[in-house]
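>>> Build me a model:
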Amino acid sequence: MFSLLRKIVKRTLIGSALGVGGTAAVVIYNVGSSKWSDSHTWGSATKHYLTNKFMVCLGFVSFRQLVKQSKDVRQTQAEFLLEQITKNKHTQYGRDHNFGSIQSVAEFRQSQPLSRYQDYQPYVDMIQAGDLLAMTADKPLQLAVTSGTSGQSSLLPTTADIFKRFFLSGIAVLFQRLHETQPEWVTLQKSMKLFYTPRWRHTAHGLLIGPNSSNPDSAKRIYHLYTTPPPAYGIMTEPEALYIHLLFGLMDSNLGIIESNFASTIYTAFKTLEKRWPELVKDIETGVLNPDLDIPDDVRDEIQREMKPNAERARELKKQFELGFDNLAQRIWPSLNLILATTTGTMSLYHKALSSTTCSAVPTYSPIYGASEGLLGVNLVPGRPQPSYCLVPSAQFFEFIKTVDSFDEQPNTLLIHELEVGEEYEVVVTNPSGLYRYRLGDVVQVVEYFNEIPVVKFKYRQGQMLNLHGEKLSEESFYRTLQESAKAWGAEILDYSTCENVLDEKATDCTPHYLVFIESENPIEKPEILDEILQENHPVYRSFRVKGSIGCLKVVQVKRGSFVQLKEWMLKNTDASSNQIKIPRVLKNKEVVTMMLKN
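Got it, this is the predicted structure:
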């Protein structure tokens, strides 16, 4: 009996060893036959490979779940909503709003009004005072600071559930979609991830206050995917941190991806590269970090240990820089696969600039539609030139307001299955962080359906709208007009923003009109063209101009660097982090307007 048992155990162990050995052999073969980044070792490349495989497998499961949800989106949404109501009915907010009596989607919509941030301010104050369960049954991990693009930054509780849903239904799915549609992009080449360590604050009771967007502190487990060495994340100033990102990105001739939250950050990186490439190339040639960088000594020492001279790489980089900056990205990184960043809405200006100059031959993928309030949608077709996002019905409970009704306080709403292709809607969400029928401020257009789920294109933010006299000019429509005007001027628009003249303290013209701040490569002649084209494109605006209710808009051409200065002002005077900052297309602060007028 014992002899037979020993034989069975022996055979089992041998079989297991062979199985493990076979799996290891497959991993070693796949790692060895893949394209690596220059800085990888066998150990780090294997870790990169296993990370990719794990994410693709996880994404496969998540994508199958999304497909299942797409075939019965009403049930998915109802289950999600009632889960939030039941879970949070004993919170202060739940008690105040009688969640215990809500048994259906219809009862929820009938009993709960549409809400805005001011409706939650008292409960956020409770959380800051130490009552962590005022809005959610789960303790928040932090108070998330919103970007403040359409007004002042706000604080919103963020629970572990928000992060989990973002990761599983967003990040994992994008890995699966890349592997499914563009497998050549999923390699062992590292990413140059341009993000910055936030300056965290805390409440009196120790709760974190800061951004919940991607940042180095939230990505510690996947540092091996990035070119930047971990010690560099201890640099708290953006210019110095960006220099290090670029330095180690340039060292890697097999860079695979350039990645950031927003296209504007990548645009800034290439502008910095144009200006500082001689310093960067010298560092690579000598293997010595630029002594003029203002970074802590201990961080400098750790970064220096990651460097060694590479004269050959320096010569190749110098040669390519001296040839100019058109298609630069592909020339200095011949194996570069894609740019991964948000390119929609206010980011389209920067994406256009990148696509027409330094990154003209590199595909872009705008993967996620998200906000401080959580995951909203995923781009399921990476190769599509115009990004659109499949809404994720297990991440938010969605309602929608027809844009014609957006200026009403309590308009009727439509559910996710009631939308029409081609129509535009304001987005309303109920989420796991204690927001209920919350008017997000985003406007989207339905472009198609994924089974029963709308696929949408982001259009603009409600707060980024010009509306002197009821003309309601959206950010998206004004930008189209500005592009037409740029062609007529023969000018390249580098950045822009607008405001109403009431914010100009020195204005002498009493007729209401717009100020348009433009930073461009060359002087703008005949600025009145912008007003003329705006009238052609917008009949309501034209009618007010003809009647004299609105005066001719004023183009203010600001000097180069003015929008960098605006970003610096925002970082100093709001709670938003560098990873979140988006240049507002409508300015609402007198101090900012005065600063721009001085430029």
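
>>> Helix or strand with the lowest mean pLDDT in this protein?
helix 2-32 (a mean of 56; mean pLDDT, DSSP states H and E).

>>> which stretches of this protein aren't confidently modelled?
1-22, 147-153, 463-464, 469-470 (pLDDT under 70).

>>> Next secondary structure after the least confident helix or strand of the chain?
helix 42-70 (DSSP states H and E).

>>> Next, count neighbours for L323.
Residues near L323, counting by other CB atoms under 10 Å, number 11. Where C-beta positions appear, they are placed from N, C-alpha and C, glycine not excepted.

>>> so what's it up against?
Counting by CB atoms under 8 Å, 6 or more residues apart in numbering, L323 touches R331.

>>> Ok, E279 next?
Per CB under 8 Å, 6+ apart, neighbours of E279: Y243, N290, D292.

>>> Would you list the buried entries among the residues you listed?
For these, a burial check counting by 16 or more other CB atoms under 10 Å picks out Y243, N290.

>>> and the gap between L466 and V540?
Distance, L466 to V540, by CB to CB, to the nearest Å: 11 Å.

>>> And for S549?
11 Å.

>>> Residues that sit against both of L466 and V540, list them.
With CB under 8 Å, 6+ apart, L466 and V540 have common neighbours K472.

>>> If you count surrounding residues, which of these two has more?
L466 (22 against 12).

>>> What is the neighbour count of T481?
20.

>>> Now intersect the contacts of E279 with the helices, please.
Counted as lying in helices by DSSP state H, out of the contacts of E279, are Y243.

>>> Pull the number of nearby residues for E306.
So E306, with other CB under 10 Å, has 17 neighbours.

>>> Pull the distance from stretch 264-276 to the chain's centre.
Stretch 264-276 has its C-alpha centroid displaced from the chain centroid by 18 Å (CA atoms, centre = their mean, to the nearest Å).

>>> Could you do stretch 141-148 as well?
On CA atoms, centre = their mean, the centre of stretch 141-148 falls 14 Å from that of its chain.

>>> same check, this time on stretch 467-475
26 Å.

>>> Grab the most central residue of the chain for me.
N261 (3.8 Å; CA atoms, centre = their mean).

>>> Would you enumerate the residues in contact with it?
F195, S213, S214, A341, T342, N579, Q580.

>>> was I right about the second one contacting A371?
The one in question is S213. No - at 9.1 Å, S213 does not count as touching A371 under the criterion of CB atoms under 8 Å.

>>> quick one: which helix or strand includes D138?
With DSSP H and E as the test, D138 turns up in no helix or strand.

>>> Skipping its backbone neighbours, what lies nearest it in space?
T159 (4.5 Å; CB to CB, 6 or more residues apart in numbering).

>>> Do a quick rundown of the strands in the stretch 101-250 of the chain.
Ranges of strands within the stretch 101-250 of the chain are 142-145, 155-158, 191-194, 201-202, 208-210, based on DSSP state E, counting those that start in this stretch.

>>> Need the winner for burial among those strands.
Ranked by mean neighbour count, these are led by strand 155-158 with a mean of 25 (mean count of other CB atoms under 10 Å).

>>> Which elements pack onto that strand?
On a contact count with 3 or more CB pairs under 8 Å, 6 or more residues apart in numbering; DSSP states H and E, strand 155-158 meets helix 121-128, strand 142-145.

>>> Parallel or antiparallel, which strands does it pair with?
Strand 155-158 sits in its sheet next to strand 142-145 (antiparallel), going by DSSP bridges.

>>> any chance you could map the helices in the stretch 451-599 of the chain?
475-489, 528-537, 539-547, 562-573, 590-598 (DSSP state H, counting those that start in this stretch).

>>> Let me see the residues that make contact with the third one.
Under the criterion CB under 8 Å, 6+ apart, residues 468-473, 531, 534-536, 550-552 lie in contact with helix 539-547.
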